[in-house]
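Colleague: Have a look at this prediction, sequence included:
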Amino acid sequence: MLTNIGTFFLLLLFIFESNLYSTVDTKNSIIVNSNQFKLYKNNETQSLKLPTKKGDYATASIFGDKSELDWSKKFNVVEFGGIDDEHITYQLLKRKKVLKIPYRIAYDWMPAFYYYINGGNSNFVKWLYKNKTQRTLNPNGPYLHCDENHYNWCKDYYYNLGNNNVFRHKINNLLNNIKNRGFNGLFFDWASGGYILQNEYKSIFNYYKKLNPHKNYFKIIGNFYKKLKKLNILVITNQAFRKDNFLLPFVDYDMTESYITTDKNIKKKIQILGKGWVENIPITNYYPIHSNSHSLKDSLHFINLLTAYKRKYKKYGFKNFIYMNYLAPEYRKIYKALPLYKMVKPKNGIYFSYAMAKLTNNFVYAEVPYNRKLEKDDVYFYNLGLPLGKNYIKLNAIKGYVRFYKNGFVLVSNAYKKDVYLKVISSYLPKNRFIYDAYDHTWLKSYKNSIIIKLHFQKNTFSKKSLPIGRVFIYVK
């Protein structure tokens with residue numbers, strides 16, 4: 001989760017943000033009376049068919065149950081597990097019937113590897129360890145990651161990718177594992193390599209410079225991704241935009257985490273059905289950027305910055321950003337007089353996460369770490385089609401934003417205490433069309449390039465504060 005930003009990012013935001021979204025001076029929205037809102041019944045809409053497609057991106061465990069794997073098969077790109085996991089094989093993926101997923105992605109820790117103290121290391125790790133003074137950047141420590149996490153079974157060593165043999169062996173090891181395990185793409189964690197500039201890694205960086213006095217560390221990482229792309233491996237990185245000029249030209253997708261939502265724990269003693277009494281419970285944080293965030297603008301600052309990067313590097317083959325968000329379950333009280341709650345799907349958070357990311361046409365997925373079964377929703381399979389206009393539009397009737405697509409539109413809003421009946425006006429809206437409200441599963445109708453929608457704002461179960469919302473509307477012919 002991001003809690004602060006540096007001077008560099010602030011400067012970039014100042015340069016890019018002002019022209020990234022469209023602010024329309026003419027009326028694009030009006031708050032109206034509830035009696036102007038109209039729903040259409042099933043007998044008028046039951047034969048209509050919604051435009052659908054496969055989902056863009058998801059995560060799943062290849063060792064998950066049937067429902068988890070069936071869910072994964074609905075997506076085009078799925079991350080399944082670690083590239084070094086010897087329990088994952090091509091035969092396993094075939095048996096699980098996931099080989100038809102277009103892109104099966106494996107996780108890799110880009111800058112480093114674990115050396116198992118008690119043995120069981122792969123031949124590649126043994127090769128690295130044999131000449132660790134030249135092949136790693138911390139042959140005698142520090143082992144910061146293992147120590148920080150209290151892993152008493154490992155030492156973490158950092159690749160000397162400036163060594164041509166290490167560079168070549170690392171590529172070959174990945175290729176062999178990809179072939180043997182049935183993958184065709186890689187997700188790289190710690191992908192920017194920016195860790196090496198942190199103060200606690202100073203000795204590691206100094207050793208790198210001693211071994212490679214004339215080689216830029218980040219340029220080497222860029223060449224590493226470039227080589228993999230040339231070998232037709234789908235390359236997904238985690239926050240490579242932090243070293244954008246070195247890396248983004250050579251990757252397919254870059255991931256952000258927790259820029260729209262994240263989960264956090266609060267102290268509250270309640271009883272959860274199937275869990276018993278708990279004193280710390282996860283809830284969803286809808287304003288994750290700063291500790292004092294209370295507006296969507298904080299997330300939009302970064303969405304705008306990443307949109308600028310996407311436009312800049314598109315010509316090099318960079319495809320899109322993946323917004324990974326984290327949600328807590330919602331809690332539904334079972335008995336009015338007792339503190340007994342049932343965990344249910346965080347639908348409000350799923351739609352908010354999706355709609356915020358779709359303001360700039362990004363890939364998006366939201367995990368519910370506490371219970372992965374609760375993250376499933378059909379919102380990922382509606383086919384919005386191509387985006388219309390240069391960017392999203394700021395609504396003038398509420399503190400919200402809208403983005404129009406060929407087959408529908410998404411809308412997000414800051415929290416309001418009461419229901420809002422909003423008339424949205426745009427030349428992008430089709431005339432006299434039935435429109436499906438995907439969140440409420442209701443049917444509306446447009447009229448003369450306008451539509452009246454109802455925005456109901458859910459409240460946090462415990463604080464009773466209203467939550468921001470995201471909504472998705474789909475056109476049918």
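Modeller: Arrived safely, thanks for sending.
Colleague: Please report how far the residue nearest to Pro51 when sequence neighbours are not counted lies from Tyr475.
Modeller: The spatial neighbour of Pro51 that comes closest, neighbours along the chain excluded (CB to CB, 6 or more residues apart in numbering), is Asn383 at 4.0 Å. In this view, the C-beta of every residue, glycine as well, is placed from N, C-alpha and C. According to CB to CB, to the nearest Å, Asn383 stands 10 Å off from Tyr475.
Colleague: and for those two, which residues touch both?
Modeller: Shared contacts of Asn383 and Tyr475 (CB atoms under 8 Å, 6 or more residues apart in numbering): Pro51, Asn407.
Colleague: which one of the two has more residues nearby?
Modeller: Set side by side, Asn383 and Tyr475 show more neighbours around Tyr475, with 21 against 14, by other CB atoms under 10 Å.
Colleague: And the strands in the stretch 251-400 of the chain?
Modeller: Counting by DSSP state E, counting those that start in this stretch, residue ranges of the strands within the stretch 251-400 of the chain are 253-257, 262-272, 276-285, 320-326, 330-333, 340-344, 363-367, 393-394, 400-405.
Colleague: what would these look like in TSV with distance to Lys229?
Modeller: As requested, the strands of the stretch 251-400 of the chain are exported to TSV (distance: least, CB to CB, whole Å):
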stretch	distance to Lys229
strand 253-257	11
strand 262-272	30
strand 276-285	35
strand 320-326	15
strand 330-333	40
strand 340-344	41
strand 363-367	18
strand 393-394	35
strand 400-405	29
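Colleague: These into CSV, with extra columns for mean neighbour count?
Modeller: Converted to CSV, the strands of the stretch 251-400 of the chain look like this (neighbours: other CB atoms under 10 Å):
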stretch, mean neighbour count
strand 253-257, 22
strand 262-272, 14
strand 276-285, 16
strand 320-326, 24
strand 330-333, 16
strand 340-344, 16
strand 363-367, 23
strand 393-394, 20
strand 400-405, 23
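Colleague: can you tell which of those is closest to Ser29?
Modeller: strand 400-405 (7.9 Å; CB to CB).
Colleague: for the record, mean pLDDT for that closest one?
Modeller: The pLDDT scores in strand 400-405 average 98.
Colleague: and that strand, what does it pack onto?
Modeller: Judged by 3 or more CB pairs under 8 Å, 6 or more residues apart in numbering; DSSP states H and E, strand 400-405 is in contact with helix 296-313, strand 393-394, strand 408-413.
Colleague: Check the offset of the shortest one from the chain's centre.
Modeller: Just to be clear, that refers to strand 393-394. When distances are taken as CA atoms, centre = their mean, to the nearest Å, strand 393-394 is centred 23 Å away from the chain's centroid.
Colleague: which neighbours does that strand have in its sheet, and in what orientation?
Modeller: Strand pairing for strand 393-394, using DSSP bridges, gives strand 22-23 (parallel), strand 400-405 (antiparallel).
Colleague: Output those strands in a markdown table; the columns should cover distance to Leu429.
Modeller: Converted to a markdown table, the strands paired with strand 393-394 look like this (distance: least, CB to CB, whole Å):
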| stretch | distance to Leu429 |
| --- | --- |
| strand 22-23 | 15 |
| strand 400-405 | 7 |
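Colleague: out of these, which comes closest to Ile283?
Modeller: Among those, the nearest to Ile283 by CB to CB is strand 400-405 (22.9 Å).
Colleague: What angle do strand 408-413 and that closest one make with each other?
Modeller: In terms of direction (axes from the mean of the first three to the mean of the last three CA atoms, to 10 degrees), strand 400-405 departs from strand 408-413 by 170 degrees.
Colleague: between strand 400-405 and helix 296-313, how big is the angle?
Modeller: Using the same axes, to 10 degrees: strand 400-405 against helix 296-313 is 30 degrees.
Colleague: Not counting its own residues, what contacts strand 400-405?
Modeller: Counting by CB under 8 Å, 6+ apart, 21, 28-29, 296, 300, 358-361, 384-389, 391-395, 409-414, 424, 426, 428-429 sit against strand 400-405.
Colleague: sorry, back to before: so which of the strands paired with strand 393-394 is nearest Ser47?
Modeller: strand 400-405 (23.2 Å).
Colleague: Can you get me the centre-to-centre distance for that closest one and its chain?
Modeller: That offset, for strand 400-405, works out to 20 Å (CA atoms, centre = their mean).
Colleague: do stretch 238-251 as well
Modeller: 16 Å.
Colleague: now do the same end-to-end measure for that stretch.
Modeller: 10 Å (CA to CA, to the nearest Å).
Colleague: for Tyr208, helix, strand, or coil?
Modeller: Under DSSP: H, G, I helix; E, B strand; the rest coil, the three-state class of Tyr208 is helix.
Colleague: number of nearby residues for the nearest residue to it once chain neighbours are set aside?
Modeller: Spatial nearest neighbour of Tyr208, excluding adjacent residues (CB to CB, 6+ apart): Leu137 at 5.1 Å. For Leu137, the count of nearby residues is 27 (other CB under 10 Å).
Colleague: Surely Leu137 touches Lys202?
Modeller: No: proximity of Leu137 to Lys202 does not meet the contact threshold set by CB atoms under 8 Å, at 11.5 Å.
Colleague: So what pairs up with Phe187 in the strands?
Modeller: Tyr107, Ile236.
Colleague: show me what contacts Ile283?
Modeller: Asp263, Lys264, Asn265, Ile266, Ala328, Asn460, Phe462.
Colleague: Run through the residues that contact Lys358.
Modeller: Going by CB under 8 Å, 6+ apart, Lys358 touches Val364, Leu384, Arg403, Tyr405, Val410, Val472.
Colleague: try 6 Å
Modeller: Applying CB atoms under 6 Å, 6 or more residues apart in numbering to Lys358 gives the contacts Val410.
Colleague: Now do the same for Ile171: helix, strand or coil?
Modeller: What three-state DSSP gives for Ile171 is helix.
Colleague: ok, so what distance separates the most centrally placed residue in the chain from Asp189?
Modeller: In the chain, the centroid-proximal residue (CA atoms, centre = their mean) is Met324; its distance is 1.5 Å. Met324 sits 12 Å away from Asp189, going by CB to CB.
Colleague: do Ser466 as well
Modeller: Remark: distance between Ser466 and Asp189 (CB to CB) = 36 Å.
Colleague: now swap in Phe205 and tell me
Modeller: With distances taken as CB to CB, Phe205 is found 19 Å from Asp189.
Colleague: ok, now Thr262?
Modeller: 17 Å.
Colleague: And for Phe318?
Modeller: 19 Å.
Colleague: which of those two has more neighbours?
Modeller: Phe318 (23 against 14).
Colleague: Excluding residues flanking it in the chain, which one is nearest the more buried one?
Modeller: According to CB to CB, 6+ apart, the nearest residue to Phe318 is Leu248 (5.2 Å).
Colleague: I'd assumed that neighbour was in a helix, is it?
Modeller: Yes: when three-state DSSP is applied, Leu248 is found to be in a helix.
Colleague: Pull the number of nearby residues for it.
Modeller: Leu248, neighbours per other CB under 10 Å, totals 24.
Colleague: Equivalent analysis for the one 10 residues further on, please.
Modeller: Residues contacting Ser258 under the criterion other CB under 10 Å number 18.
Colleague: Any regions of this protein where pLDDT drops low?
Modeller: For the chain, applying pLDDT under 70 flags the ranges 1-25.
Colleague: Cool, thanks, signing off.
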